[in-house]
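**Student:** The amino acid sequence is not available; the structure is as follows:
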């Protein structure tokens, strides 16, 4: 029997997934959650065979849960099921050794196959995301990402410099480099592009 946990904040979708998965005799959805914090607590205490996670859920994101599960070396396979084709999200998931990263547009039968795959120790990644991973990786350094996040929070260069303990000139240099790398006309356009791709 394969024990599963499902974390998805859309109630109808979550309950439909539970019902359809439980039609398979070898599968038992022991718990379903809409909140990432509650899900992680349960996963840590019970170590189900498989956890199916959405990315953007309240409390903790699917990526944060994945990172914690790997850090603690819990014996739970992680499948991320998402609508987001952002290469940055996919990169982070792969960097944290996600077992499967697939899109919600797939059928439930495909998801069942994915569950069987990961329990055998196999990996599965959406082909369209694999293409984006090889053609479009994050060009921003860690420091540039930090600066750009603060730009997105509406901070001025001076405020960012103060918050990050950098000189105003250094922040302006970072901002100029970011705008070039993101092929943008101004810093807010750079932030918007990077955010859409999941790079910050």
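**Tutor:** Yep, that arrived. Worth saying up front: this structure is predicted, and the values here are computed from it rather than measured. Residues are numbered from 1 along each chain as shown.

**Student:** thought residue 93 was touching residue 63?
**Tutor:** Yes: between residue 93 and residue 63 a contact is recorded at 6.2 Å, counting by Cβ atoms under 8 Å. In this view, the C-beta of every residue, glycine as well, is placed from N, C-alpha and C.

**Student:** Please enumerate the shared neighbours of the two.
**Tutor:** Shared contacts of residue 93 and residue 63 (Cβ atoms under 8 Å, 6 or more residues apart in numbering): residue 80.

**Student:** Can you find the helix or strand of the protein with the lowest average pLDDT?
**Tutor:** The least trusted helix or strand in the chain, going by mean pLDDT, DSSP states H and E, turns out to be helix 127-135, with a mean of 63.

**Student:** Beyond that one, next helix or strand please.
**Tutor:** Toward the C-terminal end, the helix or strand that comes next after helix 127-135 (DSSP states H and E) is helix 142-152.

**Student:** Flag the shaky bits of this protein, pLDDT-wise.
**Tutor:** 128, 130-136 (pLDDT under 70).

**Student:** can you pull out the strands in it?
**Tutor:** Applying DSSP state E to the chain gives strands spanning 2-7, 27-33, 50-53, 77-82, 100-103, 124-125.

**Student:** The first one pairs with which strands, parallel or anti?
**Tutor:** If I follow you right, that is strand 2-7. Partner strands and pairing direction for strand 2-7 (DSSP bridges) are strand 27-33 (parallel), strand 50-53 (parallel).

**Student:** Switch these over to CSV; also include distance to residue 75.
**Tutor:** Below are those laid out as CSV (distance: least, Cβ to Cβ, whole Å):
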stretch, distance to residue 75
strand 27-33, 15
strand 50-53, 11
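
**Student:** Serialize those to a markdown table and add fields for mean neighbour count and distance to residue 78.
**Tutor:** Converted to a markdown table, the strands paired with strand 2-7 look like this (neighbours: other Cβ atoms under 10 Å; distance: least, Cβ to Cβ, whole Å):
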| stretch | mean neighbour count | distance to residue 78 |
| --- | --- | --- |
| strand 27-33 | 18 | 14 |
| strand 50-53 | 27 | 5 |
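
**Student:** Ok, which of those strands comes nearest residue 59?
**Tutor:** Of all these, it is strand 27-33 that lies closest to residue 59, at 9.0 Å by Cβ to Cβ.

**Student:** Residues contacting the closest one, please?
**Tutor:** So strand 27-33 is in contact with 1-8, 14-15, 17-18, 21-22, 39, 42, 46, 48, 112, 115, going by Cβ under 8 Å, 6+ apart.

**Student:** List phi and psi for residue 121.
**Tutor:** phi 90, psi 10 (degrees, to the nearest 10).

**Student:** buried stuff in stretch 110-125?
**Tutor:** Residues 111-112, 114-115, 117-119, 124-125 are the ones in stretch 110-125 that count as buried (16 or more other Cβ atoms under 10 Å).

**Student:** still on that earlier bit, and of the strands of the chain, who's closest to residue 198?
**Tutor:** strand 77-82 (10.3 Å).
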